[in-house]
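Engineer: give the three-dimensional model of this entry:
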Amino acid sequence: MSEINYPLGDDLPEVGQAKALNPFVKWVRMPLPFALNHINLWLLRDSLNGVEGWTLVDCGIANQASKEAWEVIFKNELEGLPIVRVIVTHMHPDHIGLSSWLCEKWNVPLWITMTDFLLAKYLISPSGTKAGSVAGGGGAADHFSKHGLTEESDLEKIRARADYFSNMVPSLPPRFRRILDNEDIQIGGRSWKVVVGYGHAPEHASLWCADLNLLISGDMVLPRISTNVSVFDTEPDADPLGLYLSSLERYFDLPEGVLVLPSHGKPFNGLHLRIEQLKQHHADRLEETMAFCSGGPGHARDLVPVMFKRELDLHQLTFAMGEAIAHLNYLWRGGYLLREACSDGILRFSCLKSYP
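Structural biologist: Reported below is the predicted structural model:
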């Protein structure tokens with residue numbers, strides 16, 4: 001296949017509606033209050049513990065607009081059947097935010113990887129809120145200041161966003177059912193294999209159904225944008241980019257003709273090509289990073305406009321900083337860059353050897 005193909009074209013489900021992809025899978029599209037203005041969610045026809053109904057994959061953020069849209073879907077799109085299970089691919093707010101509300105409403109279990117459940121629990125706790133996430137909080141501000149973001153007005157705004165995560169994920173179910181890599185989850189009498197990937201989230205679960213030739217890719221493989229891969233204050237020496245790139249290799253084991261159901265964008269064919277494009281995207285960014293560091297010791301804040309050639313608002317800047325640090329850490333951990341803590345407290349990187 002020489003190009004990415006969108007077999008459904010621009011036929012998108014409206015808010016409050018579900019589009020049937022086949023008799024067993026429905027596509028729901030929820031609005032998000034960001035530049036990335038939607039998330040795709042999936043209803044899978046199921047029977048669990050003798051109850052006929054639907055398994056829901058991912059939830060949307062916890063706000064009134066999402067709840068109202070779900071209520072319309074529950075009334076009009078479930079064919080008179082209940083939700084019997086909620087599966088969450090990973091712990092980011094647009095995926096897990098409404099999980100508590102949904103699980104309580106339908107009295108059903110949450111299925112998720114353990115690492116992502118526990119991290120989400122931490123981030124909505126008082127300690128986690130104080131530390132913050134990549135988008136806000138005191139820990140994020142301190143983290144970015146060490147990487148050259150020294151504009152005090154920006155740092156103050158980042159500190160003020162300590163409740164960024166908990167505002168969109170106000171609560172979580174008190175218990176969960178752990179899902180594991182390579183596990184076969186029976187949904188509607190069909191096997192959906194769990195494919196765990198790393199780098200974007202701690203333990204992201206995609207779902208692959210050979211019988212239907214469908215892959216619910218979550219955020220691991222998106223058709224038009226690259227998945228955010230960031231370094232956080234809680235693990236400042238991490239190499240999420242290395243984890244992400246190695247995780248992508250696993251998707252080559254799936255058929256090229258699989259219909260990919262991503263969390264953002266439209267369903268598409270061309271999985272292998274898209275993986276190659278994503279790998280090339282990061283290879284290009286790594287070359288830019290090496291060229292930047294060859295000019296002398298540099299920090300992540302100055303790398304951001306090299307990697308992101310557009311105006312960024314503060315929300316976008318925090319994620320861009322996380323990505324810049326991820327590319328620097330990948331090269332530093334690989335022995336291509338030297339990292340030094342300078343007298344002003346800022347971490348700077350310089351070239352040690354050519355890459356790759």
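Engineer: longest helix of the chain?
Structural biologist: If you go by DSSP state H, the chain has its longest helix at helix 271-294.
Engineer: that one packs against which elements?
Structural biologist: helix 240-248, helix 300-307, helix 314-333, strand 347-351 (3 or more C-beta pairs under 8 Å, 6 or more residues apart in numbering; DSSP states H and E). C-beta: built from backbone N, CA, C; applies to glycine.
Engineer: tell me the angle the last one makes with helix 300-307.
Structural biologist: If I follow you right, that is strand 347-351. 50 degrees (axes from the mean of the first three to the mean of the last three C-alpha atoms, to 10 degrees).
Engineer: tell me the mean pLDDT for strand 347-351?
Structural biologist: For strand 347-351, mean pLDDT rounds to 98.
Engineer: cool, the first one as well?
Structural biologist: Over the span of helix 240-248, the pLDDT mean works out to 98.
Engineer: check which element follows that helix along the chain.
Structural biologist: strand 259-262 (DSSP states H and E).
Engineer: how about the helices of the chain, start to end?
Structural biologist: Along the chain, counting by DSSP H, helices occupy 64-76, 93-96, 99-106, 114-123, 126-131, 138-145, 152-159, 164-168, 240-248, 271-294, 300-307, 314-333.
Engineer: any idea how far the closest residue in space to residue 17 that isn't next to it in sequence is from residue 143?
Structural biologist: Excluding the flanking residues, the one nearest residue 17 by C-beta to C-beta, 6 or more residues apart in numbering is residue 77, at 6.7 Å. For residue 77, the distance to residue 143 (C-beta to C-beta, to the nearest Å) stands at 42 Å.
Engineer: out of the two, name the residue with the larger neighbour count.
Structural biologist: Taking neighbours as other C-beta atoms under 10 Å, residue 77 and residue 143 compare with residue 143 leading, 25 against 18.
Engineer: now the nearest residue to residue 256 once chain neighbours are set aside: how far from residue 285?
Structural biologist: In space, and not counting its chain neighbours, residue 256 is closest to residue 272: 4.7 Å by C-beta to C-beta, 6+ apart. Distance, residue 272 to residue 285, by C-beta to C-beta: 21 Å.
Engineer: more neighbours, the two?
Structural biologist: Neighbour count, other C-beta under 10 Å: between residue 272 and residue 285, residue 285 has more, with 22 against 15.
Engineer: so for stretch 244-252, what gets flagged as buried?
Structural biologist: 244-245, 247-248, 251 (16 or more other C-beta atoms under 10 Å).
Engineer: gap between the nearest residue in space to residue 100 that is not next to it in sequence and residue 204?
Structural biologist: Counting by C-beta to C-beta, 6+ apart, the nearest residue to residue 100 once its immediate chain neighbours are dropped is residue 171, at 4.2 Å. For residue 171, the distance to residue 204 equals 22 Å [C-beta to C-beta].
Engineer: and for residue 257?
Structural biologist: The gap separating residue 257 from residue 204 is 23 Å, by C-beta to C-beta.
Engineer: compare neighbour counts for these two and give me the winner.
Structural biologist: residue 204 (26 against 12).
Engineer: how much space between the residue sitting furthest away from the middle of the chain and residue 297?
Structural biologist: In the chain, the greatest distance from the average C-alpha position (C-alpha atoms, centre = their mean) is reached by residue 343, at 35.7 Å. According to C-beta to C-beta, residue 343 stands 12 Å off from residue 297.
Engineer: what of residue 54?
Structural biologist: Applying C-beta to C-beta, the value for residue 54 to residue 297 is 55 Å.
Engineer: any weak-confidence spans in the stretch 1-150 of the chain?
Structural biologist: 1-2, 130-135 (pLDDT under 70).
Engineer: rerun at 80
Structural biologist: Applying pLDDT under 80 to the stretch 1-150 of the chain flags residues 1-2, 128-135.
Engineer: on that earlier part again, the residue nearest to residue 100 against residue 102, yeah?
Structural biologist: No. Residue 171 lies out of contact with residue 102 (C-beta atoms under 8 Å); the separation is 11.4 Å.
Engineer: residues contacting residue 342?
Structural biologist: 297, 348 (C-beta atoms under 8 Å, 6 or more residues apart in numbering).
Engineer: now do the contacts for residue 265.
Structural biologist: 40, 222-225.
Engineer: which of the residues you listed lies closest to residue 187?
Structural biologist: Closest approach to residue 187 among the contacts of residue 265 (C-beta to C-beta): residue 40, at 17.3 Å.
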